[in-house]
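1. I would like the atomic coordinates for the input below:
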Amino acid sequence: MTTFVPRPATAAPPADGGPGAPRACIVDALSTGAALGSALRDASWELVHVASGREVAGSLAASYRPDDFALSLGLRDQSLDEITAALRAFAPSVVVAGTESGTPLADELADRLGLPGNDPATSGQRRDKHAMARALAAAGLPHAREEHAVSPAHAVAAATSLGAWPVVVKPLDAAGSEDVRLCHSARAVAAAFTAIHDKRNLLGLRNRGALVQEFLTGEQFMVNAVSLGGEHRIIEIWREQRLLVPGAGFVYDWEIMVPYEGEPQRALVAYLRRVLDALGVREGASHSELMVTARGPVLIECAARLQGGISSSAVTAAIGDSHVTTTMQRYADPAGFQADIGRGYEIRRTPMVVNLIAHRSGTVRENNCERLLRTLPSFHSVTRTPAAGDPVARTVDLLTKTGHIYLLHADVEQLHADYRQIREWERSDRLLPLR
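-> Residues are numbered from 1 along each chain as shown. Below you'll find the predicted structure:
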């Protein structure tokens, strides 16, 4: 774990955007939040960064781009009142959470500055999965049956009360599939609880007990949206597949974008709009994971921030926009965003994301990804792969995957053929041979 410390506030600012340049504050500008900061900077925005002071995974902290910011502040060095005063002097028109760890502080700062944001009084239900389910229940919306367990015995009793195996045991407020366990017995539930409880997760938060949840079956989707004044524009709908790693949890396999129109997309969109209302998502980006079950769409979890780890350029090549570009439009051109609020998207070339999976730990002997992948008809880009000499861990969650590949093609069958070829190269140890 790494304590995320921003560049000191006394550092020389980058060249400003000129008189009257728009200004924004990004809280924890990590992962896709770092890409948003660079995009705003390129559009002549002046930026201030605030670090929440959370200890986050080192790979996540490394994504921060300090040169994008005129001023950097942080709760490690300044009090909340001092940060608020500095922001008032800087006068941003926008406060945005760059990644999950920054969402509660972004809510609080926007409220203190009188800027558009989500109510800090309800931040918990957008972070804590138990509170999230309770909010959906209060709104009369379908939700996963679950219980917040506070001891191994409580977890076993909660699992038994669900009446069917397997069950899912996971942290209340982690991310990236960290420590999500599929349990087929009471013994497995107790072991999963013990592994989760009191652990500091990758977002720097201390796990408080664990969530015991029914295992939802069906087709899994993720949906990205951007909101303005409580109205929600749906930006992307992806169907996804995850794989169960024995002894660990689920890892990301692939995601493929599906058309905006059609079924079950209509049901997903209608349900998600009500979910966002129930959770108090009124402003900015959101990323939701849902399962289309026999009883209809059911939320797995929702986060009030950009989807992590995405390639904006690949998605823009596919549909002409992305979660990042639409979030920028919401703040830079709210009138234009409002005019498009009900508009869906059209797929020019279908995008597919293939997540690289390390089946064992080791040291990378050589990186052949770019050379081999360029031979695929649908290849667009590959990112975040390790270099020769880098250590890699067996993939058990989002942060231990060894990179991800964007494929783009008009023929969906070509995408699946190229996916199969990637997995064959992976199995034969050709993409990232280890020693």
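
2. if I look at G249, how far off is P152?
-> Going from G249 to P152 by CB to CB, to the nearest Å gives 18 Å. Every residue, glycine included, has its C-beta placed from N, CA and C.

3. give the buried residues for the host helix or strand of S227.
-> Assigned by DSSP states H and E, S227 belongs to strand 219-228. By 16 or more other CB atoms under 10 Å, the buried positions in strand 219-228 come out as 220-228.

4. same question, stretch 110-124
-> Buried positions in stretch 110-124, judged by neighbour count with 16+ other CB under 10 Å: 110-113, 115-118, 120, 122-124.

5. ok, so of those, who is nearest F379?
-> Among the buried residues of stretch 110-124, N118 lies closest to F379 (CB to CB), at 38.4 Å.

6. pretty sure the closest one is in contact with G284, am I right?
-> Yes - counting by CB atoms under 8 Å, N118 touches G284, with 7.3 Å between them.

7. so what sits against both of these two?
-> Residues touching both N118 and G284 (CB atoms under 8 Å, 6 or more residues apart in numbering) are A304.

8. sorry, back to before: can you lay out the buried residues of strand 219-228 as TSV showing pLDDT?
-> TSV is the format used below for these (pLDDT from 0 to 100):
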residue	pLDDT
Q220	97
F221	98
M222	97
V223	98
N224	98
A225	98
V226	98
S227	98
L228	97
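
9. coming back round to it: give the partner strands of the strand holding S227 in its sheet and their orientations.
-> strand 231-244 (antiparallel), strand 284-293 (antiparallel) (DSSP bridges).

10. and among those, the most buried is which?
-> strand 284-293 (a mean of 22; mean count of other CB atoms under 10 Å).

11. what's downstream of that strand, the next helix or strand?
-> Counting by DSSP H and E, what follows strand 284-293 is strand 296-303.

12. any idea of the mean pLDDT in that next one?
-> For strand 296-303, mean pLDDT rounds to 96.

13. and what of stretch 254-273?
-> Mean pLDDT, stretch 254-273: 97.

14. now the end-to-end length of that stretch.
-> Start to finish, the residues bounding stretch 254-273 are 25 Å apart (CA to CA, to the nearest Å).

15. how many other residues sit next to A43?
-> 12 (other CB atoms under 10 Å).

16. hmm, it is touching Q329, no?
-> No - here A43 lies out of contact with Q329, judged by CB under 8 Å, at a distance of 10.6 Å.

17. just give the nearest non-adjacent residue to C183, would you?
-> The spatial neighbour of C183 that comes closest, neighbours along the chain excluded (CB to CB, 6 or more residues apart in numbering), is V189 at 4.6 Å.

18. hmm, I was thinking of Y252
-> Residue nearest to Y252 in three dimensions, not counting chain neighbours: N355, with 4.2 Å by CB to CB, 6+ apart.

19. got the contact list for the one you found?
-> Neighbour list for N355: 251-254, 401, 403-405 [criterion: CB under 8 Å, 6+ apart].

20. what is the burial count for the spatially closest residue to H409 that is not a sequence neighbour?
-> Take H409 and drop its neighbours on the chain: the residue closest to it by CB to CB, 6+ apart is S378, 3.8 Å away. S378 has 24 neighbours, counted by other CB under 10 Å.

21. try S161
-> For S161, the count of nearby residues is 11 (other CB under 10 Å).

22. which SSE is R274 in?
-> R274 belongs to helix 265-279 when assigned by DSSP H and E.

23. repeat that for M328.
-> In this structure, M328 sits in helix 323-332 according to DSSP H and E.

24. kindly report the same for P92.
-> Per DSSP H and E, there is no helix or strand for P92.

25. hmm, it is touching R112, no?
-> No - at 11.9 Å, P92 does not count as touching R112 under the criterion of CB under 8 Å.

26. show residues contacting the helix holding M328.
-> Applying CB under 8 Å, 6+ apart, the external contacts of helix 323-332 come out as 22, 24, 32, 35-36, 39-40, 43, 93-94, 96, 224, 226-228, 233, 235-236, 284-285, 287, 306-307, 310, 312, 315-316, 336-337, 340.

27. list the helices and strands the next helix or strand after it packs on?
-> For helix 323-332, the following helix or strand on the C-terminal side (DSSP H and E) is helix 334-339. Packing partners of helix 334-339 (3 or more CB pairs under 8 Å, 6 or more residues apart in numbering; DSSP states H and E): strand 219-228, helix 323-332.

28. could you export those as JSON lines, including distance to T363?
-> Shown next, in JSON lines, are these (distance: least, CB to CB, whole Å):
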{"stretch": "strand 219-228", "distance to T363": "33"}
{"stretch": "helix 323-332", "distance to T363": "34"}
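
29. of all these, which lies closest to G362?
-> With distances scored as CB to CB, the stretch of the helices and strands packed on helix 334-339 nearest to G362 is strand 219-228 (30.0 Å).

30. give me the below-cutoff pLDDT ranges for the stretch 101-250 of the chain.
-> Counting by pLDDT under 70, the low-confidence segments of the stretch 101-250 of the chain come to 176, 248.

31. if we go to 50?
-> Applying pLDDT under 50 to the stretch 101-250 of the chain flags no residue at all.

32. give me the nearest residue to Q78, chain neighbours excluded.
-> The shortest distance from Q78 to any non-neighbouring residue, by CB to CB, 6+ apart, is to A86 (7.3 Å).

33. can I get stretch 170-185 in PDB, CA atoms only?
-> C-alpha atoms of stretch 170-185 as PDB (Å, rounded to 0.1, in the frame of the first residue of the first chain):
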ATOM      1  CA  LYS A 170     -17.200  -9.600  -0.200                       C
ATOM      2  CA  PRO A 171     -16.100  -6.400   1.400                       C
ATOM      3  CA  LEU A 172     -18.700  -3.600   1.800                       C
ATOM      4  CA  ASP A 173     -16.700  -0.900   0.100                       C
ATOM      5  CA  ALA A 174     -13.800  -2.300  -1.900                       C
ATOM      6  CA  ALA A 175     -13.500  -2.200  -5.700                       C
ATOM      7  CA  GLY A 176     -12.200  -4.000  -8.700                       C
ATOM      8  CA  SER A 177     -13.500  -7.500  -7.500                       C
ATOM      9  CA  GLU A 178     -11.000  -7.400  -4.600                       C
ATOM     10  CA  ASP A 179     -11.700 -10.300  -2.200                       C
ATOM     11  CA  VAL A 180     -15.000 -11.300  -3.800                       C
ATOM     12  CA  ARG A 181     -15.400 -14.900  -2.800                       C
ATOM     13  CA  LEU A 182     -17.900 -17.500  -4.100                       C
ATOM     14  CA  CYS A 183     -18.600 -19.900  -1.200                       C
ATOM     15  CA  HIS A 184     -20.300 -23.300  -1.400                       C
ATOM     16  CA  SER A 185     -20.200 -24.200   2.300                       C
END
